[in-house]
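Q: Could you look at this predicted model? Sequence included:
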Amino acid sequence: MASVDRVRDGWRARWRTPEGASRSRNFKRKVDAERFLTTTEATKLAGGYVDPAAGRVTLVEFATEWLSCQTFDPSTREAVESRLRVHILPTLGTIELRQIRPSTVQAWLRGRQETCAPRYVRVMLANLSAILGAAVEDDLIPRNPCQSSAGKAPAVLPTKVVPWTVEQVTAVVNAHPERWRAAPVVAAGCGLRQGEVFGLRVEDVDLVRHRVLVRQQGKLLGGHPVIALPKGRKTREVPLPTVVAVAITEHLRQHPAVDGLLFTSRERRLANRNHYNRNVWKPSLRRAGVTPSRDNGMHALRHFYASVQLEAGTSIRALADYLGHSDPGFTLRVYTHLMPSTDDRAREAVDLAFDPDVMPDGSGQVEPPNGLTS
């Protein structure tokens with residue numbers, strides 16, 4: 001039975017868990033002990049009781065077990081493990097789950113924001129929240145401290161994509177070593193991600209149907225390049241422009257495919273993005289007069305592709321498919337400012353809908369009302 005008893009230093013609340021185990025907790029004041037006991041008994045009746053002793057496992061112990069049970073693909077697992085090892089566990093790993101409070105999370109967030117970009121901090125917080133959410137589901141802690149208003153993720157200031165000009169793209173392409181010159185042409189002409197360019201095979205280029213089949217990508221796993229499915233395991237088809245077809249054909253004439261791959265290293269292996277970025281991409285940017293920066297990675301060629309497509313009138317739905325975005329809303333949020341103004345088209349659409357013969361003077365011109373000027 002639950003009870004409140006006098007002890008030397010105050011009052012002790014005693015109760016039993018739903019499984020029958022005996023538990024106790026000391027308080028300075030009797031009223032606090034009674035209030036705690038009343039709340040505990042009510043929680044037991046409501047089915048929301050969490051044994052205080054269950055949360056004594058440390059975060060590093062629980063996180064290690066949690067990670068081992070996840071069904072991540074290898075590269076995602078590697079990324080999550082890295083964030084745990086570098087950014088989360090050094091600060092929070094030795095703390096017991098029951099001792100991690102919203103203020104604990106807030107202090108950790110403040111420390112991460114001093115050294116990491118807001119967007120990356122949000123990813124770390126999502127990982128930590130997933131782990132503590134699993135602890136809640138396992139009845140180890142009553143609530144997830146990451147979901148408190150005190151542990152808000154840092155705001156990510158919206159930035160507008162500024163696409164390169166045709167002249168910049170051309171300069172960067174021409175600045176590439178001959179062996180790699182077709183790679184940025186494929187990226188800019190088809191909107192492929194860097195890994196998708198490196199994973200492109202001869203059989204993926206359909207010169208008859210003028211299509212590129214995006215079926216795989218090259219990515220790093222444990223520092224070594226490997227073949228994997230495209231991002232989000234989403235395969236797709238992209239229109240093949242003539243300029244890209246010509247560049248690929250000329251590239252293959254000079255550099256025959258190795259194991260079917262269009263682009264390979266000098267060792268005739270799958271390209272390593274770190275080596276390419278450091279020894280090919282950045283030097284090419286410098287030669288082209290473009291500052292190497294985070295915004296001027298190879299991803300800039302996808303932004304160029306998107307801007308060209310929108311200027312030509314390609315729909316957001318189609319562009320999302322070409323880029324491999326699962327949500328057209330994401331595509332719209334990123335590129336909406338690049339869409340041509342619809343004001344002129346809207347005016348022209350209405351004007352064209354009216355026959356000039358129905359206008360007041362039959363000329364197709366509308367006289368402005370008194371007091372207004374045309």
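A: Great, that's in hand.

Q: And the helices in the stretch 201-350 of the chain?
A: 242-254, 273-276, 282-288, 300-311, 316-323, 328-335, 343-353 (DSSP state H, counting those that start in this stretch).

Q: The stretch 1-150 of the chain too?
A: 30-46, 59-69, 74-83, 89-92, 102-113, 118-137.

Q: how about these, which one is nearest residue 247?
A: When those are compared by C-beta to C-beta, helix 74-83 sits nearest residue 247, at 28.9 Å. Bear in mind the C-beta positions are built from the backbone N, C-alpha and C, glycine included.

Q: How about that closest one, which residues are buried there?
A: 80, 81, 83 (16 or more other C-beta atoms under 10 Å).

Q: Also stretch 126-136?
A: Residues of stretch 126-136 classed as buried by neighbour count (16+ other C-beta under 10 Å): 127, 128, 129, 131, 132, 133, 134, 135, 136.

Q: What are the contacting residues of that stretch?
A: With C-beta atoms under 8 Å, 6 or more residues apart in numbering as the test, stretch 126-136 has contacts from 55, 59, 62-63, 66, 80, 83-84, 88, 92, 97, 100, 105, 108, 141-147.

Q: Kindly report the same for stretch 316-330.
A: Residues beyond stretch 316-330 that count as contacts (C-beta under 8 Å, 6+ apart) turn out to be 190-191, 193, 196, 214, 230-232, 234, 236, 238-239, 302, 305-306, 309-310, 314, 331-332, 335.

Q: Quick one: mean pLDDT for that stretch?
A: Stretch 316-330 comes out with an average pLDDT of 93.

Q: now do stretch 163-170
A: On average, stretch 163-170 scores 95.

Q: contacts for that stretch?
A: 172, 184, 188, 288, 290, 300, 301, 303, 304, 306, 307, 338.

Q: Taking those residues together, which two end up most distant?
A: Pairwise over the contacts of stretch 163-170, using C-beta to C-beta, the maximum falls at 288 and 338, 22.2 Å.

Q: want to throw the helices of the stretch 1-150 of the chain into a markdown table with distance to residue 204 and mean pLDDT?
A: Shown next, in a markdown table, are the helices of the stretch 1-150 of the chain (distance: least, C-beta to C-beta, whole Å; pLDDT from 0 to 100):
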| stretch | distance to residue 204 | mean pLDDT |
| --- | --- | --- |
| helix 30-46 | 57 | 83 |
| helix 59-69 | 34 | 93 |
| helix 74-83 | 21 | 92 |
| helix 89-92 | 41 | 96 |
| helix 102-113 | 40 | 93 |
| helix 118-137 | 31 | 94 |
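
Q: rewinding a little: got CSV for the buried residues of helix 74-83, with distance to residue 282 too?
A: Shown next, in CSV, are the buried residues of helix 74-83 (distance: C-beta to C-beta, whole Å):
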residue, distance to residue 282
80, 28
81, 28
83, 26
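
Q: Can you tell me which of the residues you listed comes closest to residue 8?
A: residue 83 (47.1 Å).

Q: can you tell me how far the closest one sits from residue 109?
A: 14 Å (C-beta to C-beta, to the nearest Å).

Q: Residue 143 is in contact with residue 101, correct?
A: No: using C-beta atoms under 8 Å, residue 101 is not in contact with residue 143; the gap is 10.0 Å.

Q: so what sits against both of the two?
A: Common neighbours of residue 101 and residue 143 (C-beta under 8 Å, 6+ apart) do not exist.

Q: Apart from its neighbours in sequence, what residue is nearest the residue nearest to the spatial centre of the chain?
A: By C-alpha atoms, centre = their mean, the chain has its centre lying nearest to residue 123, at 8.3 Å. Distance criterion C-beta to C-beta, 6 or more residues apart in numbering; nearest residue to residue 123, sequence neighbours excluded, is residue 83 at 7.0 Å.

Q: Now do the strands in the stretch 151-300 of the chain.
A: Secondary structure of the stretch 151-300 of the chain (DSSP state E, counting those that start in this stretch): strands located at 205-206, 211-214, 217-221, 224-228, 236-239.

Q: Can I get those strands in a markdown table including mean neighbour count?
A: Listed next are these as a markdown table, based on neighbours: other C-beta atoms under 10 Å:
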| stretch | mean neighbour count |
| --- | --- |
| strand 205-206 | 16 |
| strand 211-214 | 21 |
| strand 217-221 | 20 |
| strand 224-228 | 16 |
| strand 236-239 | 18 |
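
Q: Of all these, which one is nearest residue 14?
A: With C-beta to C-beta, the closest approach to residue 14 among the strands of the stretch 151-300 of the chain belongs to strand 217-221: 53.8 Å.

Q: before we move on, the earlier item: if burial is judged by neighbour count, which of the contacts of stretch 126-136 pass?
A: In those, burial by neighbour count holds for 55, 59, 62-63, 66, 80, 83-84, 88, 92, 97, 100, 105, 108, 141-142, 144-146, counting by 16+ other C-beta under 10 Å.

Q: how many neighbours does residue 339 have?
A: Other residues near residue 339 number 13, with proximity taken as other C-beta atoms under 10 Å.

Q: OK, contacts around it?
A: Per C-beta under 8 Å, 6+ apart, neighbours of residue 339: residue 310.

Q: Check what pLDDT it gets.
A: Looking at residue 339, the pLDDT reads 81.

Q: What does it show for phi and psi?
A: phi -70, psi 140 (degrees, to the nearest 10).

Q: Can you give me the pLDDT of the closest residue in space to residue 240 that isn't next to it in sequence?
A: Spatially, and ignoring its direct neighbours in sequence, residue 240 is nearest to residue 210 (4.6 Å; C-beta to C-beta, 6+ apart). pLDDT, residue 210: 95.
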